[in-house]
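**Student:** Following is a predicted model, sequence given first.
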Amino acid sequence: MVELIRLESIDKHFPGVHALKSVSFDLQAGEVHALMGENGAGKSTLMKTLSGIWQPDGGTIRVAGNEVTIPSPHAAQALGIGMIHQELALMNDLTVAQNIFIGREPRKRFWRLDEDALNQAAREIFSAMNVAIDPRAEVRTLSVAQQQMVEIAKSLSHKSRVLVMDEPTAALNDKEVSELFTIIHRLKSEGVGIVYISHKMDEIKRISDRVTIMRDGAYVGTVKASETPISKIISMMVGRELDNTETAIPDLSGAPTALEVHGLRRGKAVQDVSFSLKAGEILGFAGLMGAGRTEVARLIFGADRREAGDIIVHGKAVAIASPKDAVSAGIGYLSEDRKHLGLALGLDLTANVGLPNLARFSNGIGVVDDNKLTQIARDYIKQLSIRTPSERQEVQLLSGGNQQKVVLAKWLLRNCDILIFDEPTRGIDVGAKSEIYRLMQSLAQEGKAIIVISSELPEVLRLSHRIAVMCEGRLTGILPGGKETTQEEIMHLATQRREEMRGEAA
Amino acid sequence: MTLTVQNEVKKRTSSGVHQKLLAFASLIVMLIFFSLASSKFLQTSNIIGILQATSVNGVLAVAVTMVIITGGIDLSVGTLMTFTAVIAGVVLTYLGMPLPLGIVAAVGMGALCGFISGTLIARMKVPPFIATLGMMLILKGASLVISGTKPIYFNGTPGFSEISTGSLIGAVFPFLPIPNGVLVLFVLAVFVAFILNRTALGRYTFALGSNEEAARLSGVDTNFWKICVYSLSGGICGIAGLIIASRLNSAQPALGLGYELDAIAAVVIGGTSLAGGRGSILGTIIGAFIMSVLLNGLRILSVAQEWQTILTGLIIILAVYADMVRRQRT
């Protein structure tokens, strides 16, 4: 076998994060090398150093045996390395062929572009791939799967010997996945090396030759896909030491049910999800990226329109058609993306806390009682120990953890007693994390019902009284919290794809 | 195994075609309505008046179309037009240079100003709205300073007024006294349409508006091409400056403000998306004609000036709303 790529001891730091810790990786011609790990393990970061988007702080990159530096995506292309990103990078208003050859258009006389040659060249690439896509079609008219094929064609047009695919099947249906795999097989037989990043166990088994596992930015090991059981791969992925703190699970048998959800449904993202939540309970939502957890939260909060399903709050069915309805029913949502959805960053802390509550703090003609609001903001700063120089600080100047607390204060002031935390500790440092954990636990003790969505299994295990696991829009199981449940069990449910379930049933 | 991916072939401008048809149909309806409503409307002198009015706004609209397709905006086209007219006045009347030099100076100065705007936007990352707003005010002031706030007349340059008001076509076909300004507009429109649809500059203009980051990651020098677009747009404003100066036989330094909005309105009515990535010169030309036919027709029907303005505003909103509705349905 010919070695295409060898990464040795790659190091990469981002402010406050050691993203890659001396990671090594190699790729042979004609193989599919899967790269696996939990969210945030460093897979995409590693591949971005290979495709010229990030520069490594240390280590060497060898392409076909020669040591190289890859300063830009353009340089990566010149070295025959193509990357197909999770978010497709196509120009929707241009045609398929125009996208493939952007920046390298064949010319005719009088500065004219040779559109016919362009379409012909694209047609040849597609016929070599055995794909039927019209090169003259506008990209916006294509399905996601077809756009993926266009990206692959674009990489091949650069004569790429190395293709990096970052979660290529995330948006594809089963039929499209097998079409993609057919192409991958063909590329393999032509000696192209493929790095395949995915969470999906069954795909890894179907398509890859070797599997490299990463965890917390470090290299864990490389195994042969055919000889390694899935359970082994999962334990390599999650094998980090567990947080020692024990989860004390309260006896909630006498507690009233705060929230019930029946048959929640929206397209493919959320399929028939039902669960209930008691006052004082913390229900964890685990699953891989795109499993539909955030979508469930958004449906409950009325941010998206649900196609079916009942939401019952404190025993009464409520009609939630918008976030306003949800908030009146006492549901608060702390979004995954605080910056864009949760806070008015340019306004100060007091204004943010007051935002959904202004009606309560204004007199008959709409003038806001600023003194009262200021007093309340001060109370919350104390109660939630928000670290800020004053209640007049712009929230964009606060740290992530403290911003999170401001959002929380906003909902507590609205008397929300059902709180949905979506990735509450993303981008927050370790110290602030445990503070948020303590806060959530004390809120639960006060009788608030809490849903916490998290992609970090240790976090889910540490916080949750019960753990709901989702996969591909379905709730695949609810596990008890605490010591009885292992990360492996959660991972098993989180990767329980539809055909596997069918297989087990048969 | 052959993939059986369903794949409807749609022409790249399919939605643009609809908008253009809609716009063109509105134009025809307007023409029929006004010619039935007033016998004056179809008189040769009135038709020529409409064409004259369209030539200036049309040229500016062509200039700003390219910029809008990149996803940007250019608010300085109106005052840049005036500025280049003043420059032509300085070169021809004050310095007494021959006509071709005046033309080169006006177009060259336009391109230079466009280059500066483009550099501010592409390299220094000033938002297009702000960069060209600043440019608009700077050029308005500069025109007044250079001219001493007084009009510059082109009496020393015979033939200057021919640029706009003469008729080369009329000289060959006496029954078609189409003014030269309109001829310039059409030649220019064909030229810019060629650039947009057939050349690399055009391809990258659409790519910039469609997904600038994707274009950059594909190895396109996005900054360079953006500056090219603004420079070309500026140069075209220089042509507009020559046309209007020639029609008035003078450079009027106080003129120009507000022209940019008429130009942008024509572009939008013609179906070019302010979000960038899609648009066409043909649409813009139709849009420019809709604006001038509407204003001319209302004037002939003795609708008061202030109502003309209100109706224009309504038409712009209606045109874009119709496009939005159609786009949501498909």
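**Tutor:** Received the coordinates, thanks.

**Student:** who touches the residue positioned nearest the centre of chain A in this structure?
**Tutor:** The centroid of chain A falls nearest to A:Met289 when counting by CA atoms, centre = their mean (4.1 Å). Taking CB atoms under 8 Å, 6 or more residues apart in numbering or on different chains, we find A:Met289 in contact with A:Asn39, A:Glu167, A:Ala170, A:His199, A:Ser455. The C-beta positions use only the backbone N, C-alpha and C, and glycine is treated the same way.

**Student:** show me where chain B has helices.
**Tutor:** Assignment of helices within chain B using DSSP state H yields the ranges B:14-37, B:44-69, B:77-89, B:99-122, B:128-147, B:162-165, B:168-172, B:180-198, B:200-217, B:222-248, B:259-269, B:281-300, B:305-329.

**Student:** wait, the stretch 151-300 of chain A
**Tutor:** Counting by DSSP state H, counting those that start in this stretch, the stretch 151-300 of chain A has helices at residues A:174-189, A:201-207, A:230-238, A:293-300.

**Student:** number of nearby residues for the residue lying closest to A:Glu336 once chain neighbours are set aside?
**Tutor:** By the measure of CB to CB, 6 or more residues apart in numbering or on different chains, the closest residue to A:Glu336 outside its immediate chain neighbours is A:Asp422, 4.2 Å from it. A:Asp422 has 24 neighbours, counted by other CB atoms under 10 Å in any protein chain shown.

**Student:** What does the pLDDT read for A:Asp422?
**Tutor:** Per-residue pLDDT puts A:Asp422 at 89.

**Student:** residue contacts, residue 103?
**Tutor:** Just going to use chain A. A:Gly103 is in contact with B:Ala215, B:Ser218, B:Gly219, B:Val220, counting by CB under 8 Å, 6+ apart.

**Student:** actually it's chain B I care about, not the one you picked
**Tutor:** Applying CB under 8 Å, 6+ apart, the residues near B:Ile103 are B:Ala88, B:Leu242.

**Student:** List the buried residues in stretch A:446-462.
**Tutor:** A:448-462 (16 or more other CB atoms under 10 Å in any protein chain shown).

**Student:** and what of stretch A:270-286?
**Tutor:** Going by 16+ other CB under 10 Å, stretch A:270-286 has these buried residues: A:270-271, A:273, A:275-286.

**Student:** before we move on, back to that, out of the buried residues of stretch A:446-462, which comes closest to chain B?
**Tutor:** Taking CB to the nearest CB as the measure, A:Ser455 is the one of the buried residues of stretch A:446-462 closest to chain B, at 25.7 Å.

**Student:** In this structure the closest one contacts A:His199, no?
**Tutor:** No: using CB atoms under 8 Å, A:Ser455 is not in contact with A:His199; the gap is 10.3 Å.

**Student:** Could you name every residue contacting both of the two?
**Tutor:** In contact with both A:Ser455 and A:His199: A:Leu288, A:Met289, using CB under 8 Å, 6+ apart.

**Student:** List the residues that contact the residue in the stretch 251-400 of chain A that chain B sits nearest to.
**Tutor:** As assessed by CB to the nearest CB, chain B sits closest to A:Arg305 within the stretch 251-400 of chain A, at 16.0 Å. Counting by CB under 8 Å, 6+ apart, A:Arg305 makes contact with A:Arg266, A:Ala321.

**Student:** Give the residue spans of chain B that score low on pLDDT.
**Tutor:** Scanning chain B for pLDDT under 70 picks out B:1-19, B:326-330.

**Student:** Report the central residue of it.
**Tutor:** Centre-nearest of chain B using CA atoms, centre = their mean is B:Ala61, 1.6 Å out.

**Student:** Test my guess that it contacts B:Ala288.
**Tutor:** Yes: with contact defined as CB under 8 Å, B:Ala61 and B:Ala288 form a contacting pair (5.0 Å).

**Student:** Give the residues shared as contacts by the two.
**Tutor:** B:Ala266, B:Gly270.
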